[in-house]
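Chemist: sequence unknown, structure follows:
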């Protein structure tokens, strides 16, 4: 029962109920016929996001024009019989299906019955129905215009995803110094995939609520992190194949710790890539292994180092692609996070 109550979107339900009442009261105050229909229009107009709401309203107005143009000749020449309404409805459905405006048919079908009950289409009835449509849709759009933004939730989810990736790097720093990998599983990657998928859904809602603006920073950010996670999975598979701990593993472990320590949204990875090149140079200068097993384990470390370079380059390319204004916003967010207790 508790889970049932938590699943209810109380805010949306309250908005729709209050908006429907307001629409009916406005329509009645204006002396419109069929004033209750304005409340139903508000109910059908309110969608999950601003953009959906605006676009659904536009489609309903267009469908209203089509319905009125169909009703005028049919009701005039064929009379206002139920079968005439059926013909109007059939043609309206076919046109709306063809134009992918299926959601616009219910309320316009109701308005077609208003024309039928009024004895046909007159200029007064067209004005009456159009006002009902504008009142109901207008209130629905206004209700969604004040929908709370989910930017803070996105930032919390982004920090959670980054924290999980940081934890993976820290565990790799430990495990690369161990030949026995018993108990070292890959469930963390399922969690990062789950977090990134949830974050993408939240970002999509955010973008839909931007109406006509496309602030795609967060979507590009989560895609960048997903690409990094794929590289981390490859490093994990290489790490599991280690059977010895070469002496080169210790500086690589320290570098993993360094990457984890500086893993944050605003790092351009320039310093880390320079440090990685130093490690790479040191590996090349080391004497070659004497046994086959030692050679294979050294090769695995080299592969991990190469993948780690790719991991850092992905973030560097993302950072360099940012406009100056977005970089400034990143550092402002980081500064605000540091100020919080």
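Modeler: Right, received. Where do you want to start? This is a predicted model, so every value here is computed, not measured.
Chemist: who are the neighbours in contact with residue 229?
Modeler: With contacts defined as C-beta atoms under 8 Å, 6 or more residues apart in numbering, the neighbours of residue 229 are 165, 189, 192, 193, 196. For glycine as for every other residue, the C-beta is placed from the backbone atoms N, C-alpha and C.
Chemist: following the chain past whatever helix or strand the last one lives in, name the next helix or strand.
Modeler: Under DSSP states H and E, the secondary-structure element containing residue 196 is helix 187-208. Sequence order places helix 217-240 as the next helix or strand after helix 187-208, per DSSP H and E.
Chemist: so what's residue 142 up against?
Modeler: The contact partners of residue 142, by C-beta under 8 Å, 6+ apart, come to residue 19.
Chemist: to clarify, my last question referred to residue 61.
Modeler: Each residue near residue 61 by C-beta under 8 Å, 6+ apart is listed here: 133, 134, 137.
Chemist: just those residues: which are in helices?
Modeler: 133, 134, 137 (DSSP state H).
Chemist: please tell me how far the second one sits from residue 185.
Modeler: Spelled out, it's residue 134. As judged by C-beta to C-beta, to the nearest Å, residue 134 and residue 185 stand 59 Å apart.
Chemist: so between those two, which is more surrounded?
Modeler: Legend: neighbour count by other C-beta atoms under 10 Å for residue 134 and residue 185, higher for residue 134 (16 against 10).
Chemist: need the contact list for the more buried one.
Modeler: Applying C-beta under 8 Å, 6+ apart, we find residue 134 in contact with residue 61.
Chemist: pLDDT score for it?
Modeler: Note on residue 134: pLDDT of 90.
Chemist: list of residues touching stretch 187-200?
Modeler: The contact list for stretch 187-200 (C-beta under 8 Å, 6+ apart) reads 154, 157-158, 160-161, 164-165, 167-168, 171, 218-219, 222, 225-226, 229, 232-233, 236.
Chemist: circling back to that earlier point, how about JSON lines for the contacts of residue 61, with distance to residue 13 added?
Modeler: Below are the contacts of residue 61 laid out as JSON lines (distance: C-beta to C-beta, whole Å):
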{"residue": "133", "distance to residue 13": "23"}
{"residue": "134", "distance to residue 13": "24"}
{"residue": "137", "distance to residue 13": "19"}
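Chemist: quick one, what contacts the residue nearest to residue 39 when sequence neighbours are not counted?
Modeler: If the residues on either side of it in the chain are set aside, residue 39 comes closest to residue 20, at 3.5 Å by C-beta to C-beta, 6 or more residues apart in numbering. Applying C-beta under 8 Å, 6+ apart, we find residue 20 in contact with 38, 39, 40, 42, 43.
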